[in-house]
Each structure stands twice: as structure tokens, then as C-alpha cells.
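Asker: next come a sequence and a model predicted from it.
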Amino acid sequence: MTKQRLMCLQIRSRLALQDKTQKELGEALGLSRASLSARINGHRDFSFSELEAVADFLGVAMADLFVFERGEVPAE
């Protein structure tokens, strides 16, 4: 699995843990449902500023969105 896919899984997991929706995230980022879907599914890259906004929305450091090794979980 690529680092990008792992990051997308991390975003989805954190959304679920916080009972937040992709719709709410899209609204916070100013992205349409289709644009967010393309990013969340790894078909398009998030920009740096979008990743900052995602981290802000989730209340985590941007580095916490990245998982580099199988089974590694960012510290909370």
C-alpha cells in the first residue's frame, strides 16, 4: 500500500473516530463532494494547504495524518 493510500485511510479513520463526515470535511475545505472523494480515494493529491486544513479540522498535527509503516499508529 502506498503512503498516499495510508494517509487517506488515516483521514477516514480519524473522521469515523470523531463522528465527523466527509461532507463536513469537504465543507471545511471548500471542496465539492466529487473533489473530496477523488482525494480521499487517492485519485488526486491533497495540496499542502488542504492537508493543513484537514489536520486542523481533525484537531491533530499534520504529521499525525501520515502512516509510513504497516501497523504504525501516530501518537495522540
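Answerer: In hand now; what should we look at? What you are looking at is a predicted structure, and each value in this text was computed from that prediction instead of being measured.

Asker: what comes up buried for the lowest-mean-pLDDT helix or strand in the chain?
Answerer: Among the helical and strand segments of the chain, the one scoring lowest on mean pLDDT, DSSP states H and E is helix 3-17, with a mean of 90. Buried residues in helix 3-17, defined by neighbour count with 16 or more other Cβ atoms under 10 Å: 6-8, 10-11, 14-15. All C-beta atoms are positioned from the backbone trio N, CA, C, and that covers glycine.

Asker: how about the contacts made by the most centrally placed residue in the chain?
Answerer: By Cα atoms, centre = their mean, the chain has its centre lying nearest to residue 11, at 3.1 Å. Counting by Cβ atoms under 8 Å, 6 or more residues apart in numbering, residue 11 touches 25, 40, 54, 58, 65.

Asker: now residue 12
Answerer: Taking Cβ under 8 Å, 6+ apart as the test, what residue 12 contacts is residue 40.

Asker: what about it, distance to residue 63?
Answerer: Separation of residue 12 from residue 63 (Cβ to Cβ, to the nearest Å): 18 Å.

Asker: ditto for residue 46
Answerer: Residue 46 is 14 Å from residue 63, by Cβ to Cβ.

Asker: ok, these two, which is more surrounded?
Answerer: Neighbour count, other Cβ atoms under 10 Å: between residue 46 and residue 63, residue 46 has more, with 21 against 9.
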